Structure formats: C-alpha cells, structure tokens
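1. fold the following, please.
(chains A, B, C and D)
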Protein chains: 2
Amino acid sequence: MSDHEQQPLPPTSRQSGDALPPVEQHAQQYETVRNAHETELIEDYVELIGDLLRHRGEARAADIASRMAVSQATVSKMIRRLNELGLVTSRPYRSLFLTEEGQRMAETSRARHDIVLHFLRALGVRDTTARIDAEGMEHHVSDETLTIMQRFTESHQP
Amino acid sequence: MSDHEQQPLPPTSRQSGDALPPVEQHAQQYETVRNAHETELIEDYVELIGDLLRHRGEARAADIASRMAVSQATVSKMIRRLNELGLVTSRPYRSLFLTEEGQRMAETSRARHDIVLHFLRALGVRDTTARIDAEGMEHHVSDETLTIMQRFTESHQP
DNA sequence: AATAATTGTTAGCAAAGGCTAAACTATTTG
DNA sequence: CAAATAGTTTAGCCTTTGCTAACAATTATT
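-> Residues are numbered from 1 along each chain as shown, chains lettered A, B, ... in the order given. Okay, the predicted model is just below:
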C-alpha cells in the first residue's frame, strides 16, 4: 500500500479539515461513546423513576411507559434488569423504589441534566429545544465540560 | 390510587426541581433520542470514511476497525449494511468509496462535528476532552442549538 | 516463485432493547 | 360483590451491534 505514515499533526487545531487524531486517541473517543451508550438507558430510567417519586410520590410502570413512549412490556423487562443491578426494589403490582445506589445515580443524573439544560437556556436556546437536546447530550458531557457549563450559566443570569 | 392529576406547571422554569414536562413532550424527548441512536452509528461510519478518504485518499476496513476499536468482522458486516443503504460502494479488497448520498451525509456530519468541537474549545474545554465530548454530543444537537454554537464560536475567537 | 503477513469475509453466538399477544392481578364501579 | 377496566407480567419474536474462530484473498518479502 502506501499512505500509512503518521502525519505530523499541527500544534493544536485547524479550521474545517482538522487532521485525523492519532489512532489510539481516535479509538478512545469512540470507545467512550460506546460505553456511555451502555449506561445511558439505565440512567434515564433511574433518573425518571427518581423524578416521578419526587414529584408524584410513586413511580408506576405505566407512567414510565407513557413518558418514555415505550410499551409496558419493555418497561417491565427493564425493571427486572434494574432490579438485578441493585438499583431499584419492586414488588409485583406495586410502586417502584430506588435503592441507595439507585438514589445516588438518580441524583447525579438529575444534576447533570439540570446543568446541561440550564446551560442551553443561558446560551439562548428555546426551552423546548433545550429539553430535547439536554436529554440527548447529558450522557456525553465530561465533568470538565460540565463544570465549565455551570460557571457559564452562573455568570450569564443575574 | 391517587396522585394522578396534572400539576399546574409553573410558567416556564424553576431551579433544580424543574417540574416534570407534560407527558407528550416528555415522550417526544425520549423518542428523539432513540431515533438519534439509530442513525448515529451509521453516521459515524460514513463520517469516518469521508475523513479517511479526504486525509488519506483511501478508506480500508482495517483502518476503520482500528480507529473505531472494533473487530474487522464488525466493520465488514457494517459495510454490507452501508452498501444496502446506498451510502458506500465497495469491492472486496479495495478501498471504500462514498456514494453521492454518502458524501452528503459525511459532509453534514463533519460540519456538525466541527461546529460542536470548535464551540467546546471556544468555551474553554481542553482539546482532548473536547474531542471526546464532541464525538458523543454531535448527534444530539439540534439545528437551532448548532446555529447558536456557531455564532458563539465566531464571536469568541478573534 | 513460494511463503509470510496482512486484510477481508463468513458463520455462529450473545446481549440489549424493542414489539405484540395472552394471562394474570388489582382497583373501580355498577 | 361481580363485572369491567386498568395495570403488570410473561412468553416469544425480531433487529442491531458486538464478538471469536476459521477460512480466503491479496500484497509483501525473501
């Protein structure tokens, strides 16, 4: 073949045609995203259960199903998984509750979610859009970026 | 039962304990995220193939495998899918190429990716972190937010 | 040219996350 | 309190995205 030498990356950035990152770094980017995807759904469930408990006092499978726009069967299966993971406790036909660990996860997720949402609003994004974007983005924002977003939000609303 | 009335949502926002959005809106948030997930991987492949073609002149399955940190078998299977979707053309043991449609998709993805990446850097996020975050975030940023990010970036680097 | 190394493909397996249909339990209502 | 309605669970199926192992083809080396 040919073209397999490592191009000597320019110091830090360029405009549109940013050079390809070195293989290991590139690989790590994708790996991070894949890992995030594995926990993402779990976190969404736990976060939603936490929200329902907080705002309604109970979290029923049916509510989760309609709020997630998914069938009840899917929710039921997922709850079994959350159970196995030690995140929720459930008795058949009763409301769900979060374990200690579940509560911690819900708390963390909600905090991230809020930071991203408030940041987007502070940036000037409309509320509805901000909510949709935040839902998708929250699992892909590093702690570093989160901190920066938080500072930004604070300094942009009196 | 009880708690099933719709709380009269406060005007628009609150601090940390933001009220639950109405069911339909909430459902739509999750649906949007699920839909994004379906196209995400496809877009990542197409974008990477575009980048490889642009920077190296060719895109081989082996390169994709190492840059994505997945097995060659996985890449091979994926290429078949991209083929069926009419996004790439491939002849065994030859470099891949993008179809017209593939090129459009690669172009769009790269543009989004760049906007998010440059925005994060302009915000003050370190390069390595920015790259990881951008990779995860790019598929979840609406056009509205993208436009805002772009404007922000422009006005924050002389 | 023969062999070694690299690259690509195929087959078969597993886990995740959806779905529908059917069965079961609980709650509400006539 | 019996019947109807609403909520929950289970079974069985499908698709996607990964993997490993075995095999095939191409390219590089000696």
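2. going forward, measure contacts and count neighbours with C-alpha atoms only.
-> Fine.
3. A:S76 is in contact with A:A61, isn't it?
-> Yes. Checked against CA atoms under 8 Å, the pair A:S76 and A:A61 is within contact range at 6.9 Å.
4. the more surrounded of these two?
-> Neighbours per residue (other CA atoms under 10 Å in any protein chain shown) separate A:S76 from A:A61, with A:A61 holding more: 22 against 15.
5. quick one: buried residues of stretch A:30-38?
-> When neighbours are counted by 16 or more other CA atoms under 10 Å in any protein chain shown, the buried residues of stretch A:30-38 are found to be A:30-31, A:33, A:36.
6. ok, and of those, which contact chain B?
-> The subset of the buried residues of stretch A:30-38 within reach of chain B, by CA under 8 Å from any CA of the partner chain, is A:30-31, A:33.
7. that older thread, which ones among the buried residues of stretch A:30-38 lie within helices?
-> Assignment to helices by DSSP state H places the following of those there: A:30-31, A:33, A:36.
8. any chance of JSON lines for those residues, columns distance to A:E101 and pLDDT?
-> Compiled in JSON lines, these are given as follows (distance: CA to CA, whole Å; pLDDT from 0 to 100):
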{"residue": "A:Y30", "distance to A:E101": "28", "pLDDT": "97"}
{"residue": "A:E31", "distance to A:E101": "25", "pLDDT": "96"}
{"residue": "A:V33", "distance to A:E101": "23", "pLDDT": "97"}
{"residue": "A:A36", "distance to A:E101": "18", "pLDDT": "96"}
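9. can you put those residues in JSON lines and add distance to B:H139?
-> Conversion of these to JSON lines gives the following (distance: CA to CA, whole Å):
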{"residue": "A:Y30", "distance to B:H139": "13"}
{"residue": "A:E31", "distance to B:H139": "16"}
{"residue": "A:V33", "distance to B:H139": "11"}
{"residue": "A:A36", "distance to B:H139": "13"}
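10. okay if I get those as JSON lines plus distance to DNA strand D?
-> Compiled in JSON lines, those are given as follows (distance: CA to the nearest atom of the strand, whole Å):
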{"residue": "A:Y30", "distance to DNA strand D": "8"}
{"residue": "A:E31", "distance to DNA strand D": "9"}
{"residue": "A:V33", "distance to DNA strand D": "9"}
{"residue": "A:A36", "distance to DNA strand D": "11"}
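11. tell me the residues of chain A that contact DNA strand D?
-> Taking CA under 7 Å from any atom of the strand as the criterion, the neighbours of DNA strand D within chain A are A:1-2, A:34, A:60-63, A:72-74, A:76-77, A:90-95.
12. out of the buried residues of stretch A:30-38, which is nearest to B:E107?
-> A:Y30 (19.1 Å; CA to CA).
13. how much space between the closest residue to the closest one other than its chain neighbours and B:E24?
-> Sequence neighbours aside, B:M68 is the residue nearest to A:Y30 in space, at 5.7 Å (criterion: CA to CA, 6 or more residues apart in numbering or on different chains). From B:M68 over to B:E24 the distance is 36 Å, taken as CA to CA, to the nearest Å.
14. check A:F119 too.
-> To B:E24, A:F119 is 24 Å away according to CA to CA.
15. which ones are touching the residue most central in space within chain A?
-> Centre of chain A computed as the mean C-alpha position; nearest residue by CA atoms, centre = their mean is A:H139, 2.6 Å away. With contact set as CA atoms under 8 Å, 6 or more residues apart in numbering or on different chains, A:H139 has these partners: A:36, A:40.
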